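1. Pasting a predicted model and its sequence here:
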Amino acid sequence: MIFKQDIKVWTVRELMRHAIDHLQQLGFDEARLNVELLLAHALACQRIHLYTSRYQALKREEVNTFLLLYERRLEHEPVQYITGTATFMGLSFAVDSRVLIPRPDTETLVEQALLACNDFPDGRTIKILDIGTGSGNIAVSLAKFERRARVTAIDNSPGALEVAQGNIEIHGVGDRVLLHEMDAFEPVDQLLRTRFDLVVSNPPYVSAEDWVRLQPEVRDFEPRDATTDGADGYELHRRIIELAPYLLNDGGVLLLEVADGQAMQVVAMMSQAGFHTIGVANDLGGIPRVVRASVYAKARSSVRLN
Ligand code: GLN
């Protein structure tokens, strides 16, 4: 371990080597990437700079700044919260402990939503609803990569909405992404009073039982409500499937992210709800990750919701 009171002069390379070995010994995954991200953040430089100036001697205060960040990582705080940024769809998002850290898995949901957009005629606005937007990663990416998208994004957490608003501004999509504080269990269709072409969501889908066994990075640091439904892991899928016929235009598309092992059950739920053209897309790890379906008016029951 490196100590703040050490008088040793460290080069970038030595400090990195030392910290990487230490993290590896403690059993942390991706030790090198973690150290690169933390040191680059401490030095306010790009990661590549760590290698182009690897023999440079670090100032004592630079070492100490790094140590403050590094000690947080040793306590299992996710590196994205420490640096305040996460990369998603090649874009940089501001994150803090009020939001779930965007995952690469969720890029599959965005890619599938972009593919679904291709089916809409040119020049026509595509209205999209993102349920549980968190940092706004899905909503902002869709607005960035699909010029025709007009996104409404809801979340029940005022803190998350503040983070999302910041990301909307960073990416300059304020004219096409609108946020509303709203819970999925409220009468969302009546409150929004409009219909959408696409409804997307990466809902909290970890079951209460699995949540207690999650790695400390997630369980002790990420918002519980963004991770688990506190029940069987399907509460939000069920609710969104119930809402979808009232939220979507005829033939609109619903896209839901699912946990490893949940896809078949969600397919069954959509099929029972009378949805059409149900399909599953795998993430880059080959895990069924996104379930999509087309929804027609017929799927609306005669009984009003809520
Ligand atoms: N939409 C955000 C994401 O996909 C947050 C999702 C959530 O909080 N469950 O990362």
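-> Yep, that arrived. Numbering: from 1, shown residues only.
2. Enumerate every residue touching the residue of the stretch 1-150 of the chain found nearest the ligand.
-> Taking CB to the nearest ligand atom, the ligand has its nearest neighbour within the stretch 1-150 of the chain at residue 134, 2.6 Å off. Bear in mind the C-beta positions are built from the backbone N, C-alpha and C, glycine included. Residues near residue 134 by CB atoms under 8 Å, 6 or more residues apart in numbering: 99-100, 102, 155, 160, 163-164, 202, 226.
3. Could you point out which of those is nearest to residue 250?
-> Of all the contacts of residue 134, residue 250 sits closest to residue 202, with 25.0 Å by CB to CB.
4. Helix, strand or coil: sort out the residue of the stretch 1-150 of the chain closest to the ligand for me.
-> coil (DSSP: H, G, I helix; E, B strand; the rest coil).
5. Torsion angles phi and psi at it?
-> Backbone dihedrals for residue 134, given as degrees, to the nearest 10, come out at phi 60, psi -120.
6. what does residue 189 give?
-> phi -60, psi -40.
7. same check, this time on residue 148
-> Main-chain dihedrals, residue 148, degrees, to the nearest 10: phi -80, psi -10.
8. which of the contacts of residue 134 come close to the ligand?
-> 100, 102, 202, 226 (CB under 6 Å from any ligand atom).
9. which one is the third one nearest to, not counting chain neighbours?
-> In this structure, residue 202 finds its nearest non-sequential neighbour in residue 257, 4.1 Å apart by CB to CB, 6 or more residues apart in numbering.
10. how about the residue minimising distance to the centre of the chain, secondary structure?
-> When CA atoms, centre = their mean is applied to the chain, the residue found nearest the centroid is residue 102 (2.6 Å). Classification of residue 102 using three-state DSSP returns coil.
11. Run through the residues that contact it.
-> Contacts for residue 102 (CB under 8 Å, 6+ apart) come out as 86, 88, 93, 95, 134-135, 137.
12. So which of the residues you listed sit within strands?
-> 86, 88, 93 (DSSP state E).
13. got the contact list for the first one?
-> Which is residue 86. Counting by CB under 8 Å, 6+ apart, residue 86 touches 80, 92-93, 95, 101-102, 135, 137.
14. of those residues, buried ones?
-> 80, 93, 95, 101-102, 135, 137 (16 or more other CB atoms under 10 Å).
15. As a markdown table, the residues you listed with distance to residue 15 and pLDDT would be great.
-> Below are the buried ones among the contacts of residue 86 laid out as a markdown table (distance: CB to CB, whole Å; pLDDT from 0 to 100):
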| residue | distance to residue 15 | pLDDT |
| --- | --- | --- |
| 80 | 21 | 98 |
| 93 | 28 | 98 |
| 95 | 26 | 98 |
| 101 | 26 | 98 |
| 102 | 29 | 98 |
| 135 | 31 | 98 |
| 137 | 32 | 98 |
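16. closest to residue 66 among the residues you listed?
-> Closest approach to residue 66 among those (CB to CB): residue 80, at 16.8 Å.
17. What residues of stretch 167-176 count as buried?
-> Buried, per 16+ other CB under 10 Å, within stretch 167-176: 167-168, 171, 173, 176.
18. Filter those down to the ones in helices?
-> Mapping the buried residues of stretch 167-176 onto helices (DSSP state H) picks out 167-168.
19. could I get the buried residues of stretch 167-176 as CSV with distance to the ligand?
-> Shown next, in CSV, are these (distance: CB to the nearest ligand atom, whole Å):
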residue, distance to the ligand
167, 11
168, 13
171, 15
173, 15
176, 17
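20. returning to what we had before: and of the buried ones among the contacts of residue 86, the nearest to residue 215?
-> So of these, ranked by how close each gets to residue 215 (CB to CB), first place is residue 101, at 12.3 Å.
21. Residue 44 sits in which helix or strand?
-> Assigned by DSSP states H and E, residue 44 belongs to neither a helix nor a strand.
22. for residue 165, same thing?
-> Secondary structure assignment for residue 165, by DSSP H and E: helix 158-170.
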